[in-house]
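*Asks:* how would this look folded up:
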Amino acid sequence: MQDPSGKEADAAMVTPGNKSEEKDWQLSDVSQSSENVKRVALAGIMASLSLAAAPIASVIPRIPGWEIALFDPVSFFWIIAFLVGGIWVGMISVAAGTLGLFFFDPSGVGPLFKLLATLPMIVIPWLLVRFRGQDQGGARLASPKLFIGAMIIATLVRLLIMIPTNLVMVPILYGPIWTAEFIVTYALILNLSQSLWDSLIPYFVVHLSPIFERFGMW
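*Replies:* Coordinates of the predicted model:
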């Protein structure tokens, strides 16, 4: 025969405190799931907006024969996604936006160049936050001093990536049409100017408005 006292003991173990803890865990799981949904939604929205802005880039003057736009607003939305949602939101937005750009870019290689040029503008600020202000998360980048410093470093890394990339890839893709000096000069001009806009516009949108305070996710 089963000892009825065992049932009483099991019942006694299910205390109101245990039920409360279980409920807290369930609420925590639901909350985390909701945050993940928000992050994915933000990444998708920003990627979609970047693609919506792509036709603007298609009508902006380009370097003849090189087909590189002198100004490109697409990356603004990717960096905004990062500033609001964190590194993975930014990366998802960049990946989705890059794939979509192939339908708009006449050069066929522009999206890959855009990807390489934009990654430092996201990764470097994230690394600085991770090692210098992890407890504050994305709010740390609201500091103009830290943000400017992060973007200067990001721009230097961008140049270290893009100048050699252009020196190697442009002759392969288009032939020996331009001299190395021409390629380096235009790579400097394009990346320095674009880095300026990639820094200023997302910062103004996210941190000089209530957007991060209301919707910040990290």
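*Asks:* Please enumerate the helices of this structure.
*Replies:* 4-13, 16-59, 74-85, 87-101, 110-132, 144-174, 180-207, 211-215 (DSSP state H).
*Asks:* so which of those is the most packed in?
*Replies:* Here the criterion is mean neighbour count by mean count of other C-beta atoms under 10 Å, and of those the winner is helix 74-85, at a mean of 27. Every C-beta, even on glycine, is put in place using the N, C-alpha and C of the backbone.
*Asks:* Just the angle for it relative to helix 87-101, thanks.
*Replies:* 160 degrees (axes from the mean of the first three to the mean of the last three C-alpha atoms, to 10 degrees).
*Asks:* what about helix 74-85, average pLDDT?
*Replies:* Averaging pLDDT along helix 74-85 gives 96.
*Asks:* could you say what helices and strands it packs with?
*Replies:* helix 16-59, helix 87-101, helix 110-132, helix 180-207, helix 211-215 (3 or more C-beta pairs under 8 Å, 6 or more residues apart in numbering; DSSP states H and E).
*Asks:* State the distance from the spatially closest residue to residue 76 that is not a sequence neighbour to residue 168.
*Replies:* Nearest residue to residue 76, sequence neighbours excluded (C-beta to C-beta, 6 or more residues apart in numbering): residue 201, at 5.1 Å. Plainly put, residue 201 is 30 Å away from residue 168 if you go by C-beta to C-beta, to the nearest Å.
*Asks:* Please report how far the residue nearest in space to the middle of the chain lies from residue 148.
*Replies:* Central residue of the chain (C-alpha atoms, centre = their mean): residue 90, 2.3 Å from the mean position. Remark: distance between residue 90 and residue 148 (C-beta to C-beta) = 19 Å.
*Asks:* what mean pLDDT does stretch 97-108 have?
*Replies:* Rounded mean pLDDT across stretch 97-108 is 82.
*Asks:* In stretch 132-146, which residues are buried?
*Replies:* 138, 140, 141, 142, 146 (16 or more other C-beta atoms under 10 Å).
*Asks:* what two of those residues are the furthest from one another?
*Replies:* 138 and 146 (11.4 Å; C-beta to C-beta).
*Asks:* Where does pLDDT dip in the chain?
*Replies:* For the chain, the stretches flagged by pLDDT under 70 are 1-31, 57-58, 64-67, 69, 106-107, 133-134.
*Asks:* returning to what we had before: any chance of the helices of the chain in a markdown table, with distance to residue 68 too?
*Replies:* Shown next, in a markdown table, are these (distance: least, C-beta to C-beta, whole Å):
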| stretch | distance to residue 68 |
| --- | --- |
| helix 4-13 | 69 |
| helix 16-59 | 10 |
| helix 74-85 | 13 |
| helix 87-101 | 13 |
| helix 110-132 | 7 |
| helix 144-174 | 9 |
| helix 180-207 | 6 |
| helix 211-215 | 31 |
